[in-house]
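> how would this look folded up:
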Amino acid sequence: MKTIIYQVFTRLHGNRRTTRKGNGTLAENGCGKMGDIDAAELARLRRMGVSHVWYTGIVRHATQTDYSRCGIPRNHPAIVKGRAGSPYAITDYYDVDPDLAADVDNRMGEFAALVDRTHAAGMKVIIDFVPNHVARQYRSVCKPAGVADLGEGDDTGKGFDPQNNFYYCPGCSFEPGFDLDAHDGAGPYRECPAKATGNDHFDPHPGRNDWYETVKLNYGVDYYAGRVGHFNPTPGTWRKMLDILLFWAGKGIDGFRCDMAEMVPAEFWAWAIGKVKEAHPAMLFIGEVYNPGDYRRYIASGFDYLYDKVGMYDTMRAVTCGHAPASAITAAWQAVDDIRGNMLYFLENHDEQRLASDFFAGDARRGVPALVASALMQQNPFMLYAGQEYGERGMDKEGFSGRDGRTTIFDYWSIDTLCRAAEGRLTGAERELYATYVKVLGIAATDKAVGEGAFFDLEYANPHSPAFNPDRHYAFLRRCEGELLLVAVNFDSRSAGVEVNIPAHAFDFLGIAEGKAEATDLLTGDTARWNLAGDSPVAMSLPAWGARVWRVAQA
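Residues are numbered from 1 along each chain as shown. Below you'll find the predicted structure:
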């Protein structure tokens, strides 16, 4: 049925230490391990309807923690963001992050066991592939024999060469346009010649808001000459990154979430995804692409799904916060209707502010209408972020990550709601929210009308009236092989009695017979009797910040 992806920030997920301090070390704040994600936790996710688990931060990345005793090179702390470091500043594409292992020397074995546990629980495994940039001190110590490291053999006297892995600033030292944080005993960080910074910053003076801890990878695009591509012969970076994809595919994973995919040329993706799928036909590729003008090009390059951030996420956020009418949802899906099956819907992930944060909705209950609509309105996948189902607020001030409404990706920390859920200390409101998520995701995961059925937007047939407010109400139908669902949501803080008009065209388009029908709300168990007829409304009550998901049975 429908794909439901659950994002786990692996370093935080199993950490139950709540005596934390801002900017704390690994020893002070603790760290979740892969082994903490045990059979019981995986069974919980499966019961919630999850089909895929995205384990974020698996591949080894830059950190201020010293693992040199394990043969892992130390990173200069001045170019690591946060004590724990960003999982998107990779230091060895062939290694598992040591923070995540109970036995560092067996970290790859512990990852293999996590993959096996996830599969045994009936779910698939997704990990990050970070193709656009690496940590400034990238050096693989775990690469297979015969594999050349990134940068090995580069001509550092050239700013660009199609066969170089990096871009350089010849004759210039790395000198950020701000003072790097001082660290006792570490000395100054030196890099000469400077490499270009990951967010397409091609001089040696990145600013504090640049991705200064990373360097840009060279896929044969000459940015100095105006983004001219040199793809024949095949750039060396292409071959090295394909080897990395095949390495992890060989570990039994089921998919890659490809970070900032749009910053890597579509030509590479078409080449690499094609070759990976030759060997692993079922391998899933999810692209982080934000420019709608590029969506179809990247889908044509082989991506199965792309983030629907600029369209559906931004719209759902605006509607939830009262900054846009509910009817704007129609325009959001229509803009990508030709590729609707490839668009990944979500309301939270590690980059975005938590629904319940003060910067977004302020109350997790306000997100329920957006959850119901996002999860049930199309056949495409839905993703949620660990803790979202409990109303995690993300309002901690963790260290490098300030109080910004996001759960940190840079610090050693733990997630409050996950800790309390594990200890049976959720509040009544949190338990109620979790029950709602279980019901909604369960419908999305198992109901044929949702996973396979046709979709019919009812908003155009319900203009503003005393019985329906398109600013705050949204309704649609799902239909598959005689099964009919009528879904209506209320983004308002007040309950409402509404009448939802079903136009005659919907009866023709979906093959619905007119006549008497009995309806059951799958969220509450409430029942209703209606007489279905073209252009004749059906009445219902909508709870504040709530929804109705009616299964309609016709005589």
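
> for the stretch 51-200 of the chain, what spans make up the helices?
Counting by DSSP state H, counting those that start in this stretch, the stretch 51-200 of the chain has helices at residues 107-120.

> Which residue ranges of it form strands?
For the stretch 51-200 of the chain, the strands defined by DSSP state E, counting those that start in this stretch occupy 52-56, 59-61, 90-96, 124-129, 133-135, 168-169, 194-195.

> Spit out the contact partners of residue 60.
For residue 60, the contact set (CB atoms under 8 Å, 6 or more residues apart in numbering) comprises 72, 90-92, 95-98, 142. Placement of C-beta: from N, CA and C, glycine included.

> Please identify the deepest-packed of the strands of the stretch 51-200 of the chain.
Counting by mean count of other CB atoms under 10 Å, strand 133-135 has the highest mean neighbour count of the strands of the stretch 51-200 of the chain, with a mean of 27.

> Check what contacts that strand and list those residues.
Strand 133-135 is contacted by residues 61-62, 75, 79-80, 88-91, 93, 150, 197-199, 211, 213-217, 260 when judged by CB under 8 Å, 6+ apart.

> let's see 6 Å
62, 89-91, 198, 214-216 (CB atoms under 6 Å, 6 or more residues apart in numbering).

> still on that earlier bit, any idea which of the strands of the stretch 51-200 of the chain gets closest to residue 428?
strand 52-56 (28.1 Å; CB to CB).

> Show me what the mean pLDDT comes to for the longest helix seen in the chain.
Counting residues, the longest helix in the chain under DSSP state H turns out to be helix 428-446. Averaging pLDDT along helix 428-446 gives 98.

> For whatever helix or strand comes next after it, name the packing helices and strands.
As assigned by DSSP states H and E, the chain's next helix or strand after helix 428-446 is helix 448-451. Here helix 448-451 touches strand 473-480, strand 483-490, going by 3 or more CB pairs under 6 Å, 6 or more residues apart in numbering; DSSP states H and E.

> Mind doing that once more with 10 Å?
Helix 448-451 sits against helix 368-376, helix 428-446, strand 473-480, strand 483-490, strand 546-554, with contacts defined as 3 or more CB pairs under 10 Å, 6 or more residues apart in numbering; DSSP states H and E.

> Now mean neighbour count too, for these, in a markdown table please.
Output for the helices and strands packed on helix 448-451, formatted as a markdown table (neighbours: other CB atoms under 10 Å):
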| stretch | mean neighbour count |
| --- | --- |
| helix 368-376 | 26 |
| helix 428-446 | 18 |
| strand 473-480 | 24 |
| strand 483-490 | 24 |
| strand 546-554 | 20 |
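
> Now render these as a markdown table, adding distance to residue 28.
Converted to a markdown table, the helices and strands packed on helix 448-451 look like this (distance: least, CB to CB, whole Å):
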| stretch | distance to residue 28 |
| --- | --- |
| helix 368-376 | 36 |
| helix 428-446 | 27 |
| strand 473-480 | 47 |
| strand 483-490 | 44 |
| strand 546-554 | 42 |
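
> Which one of the ones you listed lies nearest to residue 21?
Nearest to residue 21, of those and by CB to CB, is helix 428-446 at 25.1 Å.

> same for the closest one, what does it pack against?
strand 4-9, helix 39-47, helix 368-376, strand 382-385, helix 416-422, helix 448-451, strand 546-554.

> now do 8 Å
strand 4-9, helix 368-376, strand 382-385, helix 416-422, helix 448-451 (3 or more CB pairs under 8 Å, 6 or more residues apart in numbering; DSSP states H and E).

> And the average pLDDT for the longest one is what?
It refers to helix 368-376. Here helix 368-376 scores 98 as its mean pLDDT.

> Now it - C-alpha only, PDB.
Output in PDB follows, covering the C-alpha atoms of helix 368-376 (Å, rounded to 0.1, in the frame of the first residue of the first chain):
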ATOM      1  CA  VAL A 368      -3.800  17.100  12.800                       C
ATOM      2  CA  PRO A 369      -5.700  18.500   9.800                       C
ATOM      3  CA  ALA A 370      -2.500  18.800   7.800                       C
ATOM      4  CA  LEU A 371      -1.500  15.200   8.900                       C
ATOM      5  CA  VAL A 372      -4.800  13.800   7.700                       C
ATOM      6  CA  ALA A 373      -4.800  15.700   4.400                       C
ATOM      7  CA  SER A 374      -1.100  15.000   3.600                       C
ATOM      8  CA  ALA A 375      -1.300  11.300   4.500                       C
ATOM      9  CA  LEU A 376      -4.600  10.500   2.800                       C
END
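
> Find the nearest non-adjacent residue to residue 544, please.
Nearest residue to residue 544 in three dimensions, chain neighbours excluded: residue 495, at 4.8 Å (CB to CB, 6 or more residues apart in numbering).

> actually residue 74, sorry about that
Spatially, and ignoring its direct neighbours in sequence, residue 74 is nearest to residue 68 (5.2 Å; CB to CB, 6+ apart).

> How about the residue nearest in space to the middle of the chain: what's its closest non-neighbour residue?
The chain has residue 349 as the residue nearest its centroid, 4.8 Å off, counting by CA atoms, centre = their mean. Spatially, and ignoring its direct neighbours in sequence, residue 349 is nearest to residue 385 (5.2 Å; CB to CB, 6+ apart).

> So the residue lying closest to residue 131 once chain neighbours are set aside versus residue 228, what's the distance?
Nearest residue to residue 131, sequence neighbours excluded (CB to CB, 6+ apart): residue 264, at 5.0 Å. Separation of residue 264 from residue 228 (CB to CB, to the nearest Å) stands at 16 Å.

> Residue 420 reaches residue 426, doesn't it?
Yes - using CB atoms under 8 Å, residue 420 is in contact with residue 426, at 5.6 Å.

> Which neighbours do those two have in common?
residue 390.

> Please spell out which residues along stretch 73-88 are buried.
75-88 (16 or more other CB atoms under 10 Å).

> how long is that stretch end to end?
Taking CA to CA, to the nearest Å, the first and last residues of stretch 73-88 lie 17 Å apart.

> For that stretch, the averaged confidence score.
Averaging pLDDT along stretch 73-88 gives 97.

> From the chain's centroid, how far away is that stretch?
22 Å (CA atoms, centre = their mean, to the nearest Å).

> just stretch 19-32 next, same as before
In terms of CA atoms, centre = their mean, the centre of stretch 19-32 is found 25 Å from the chain centre.
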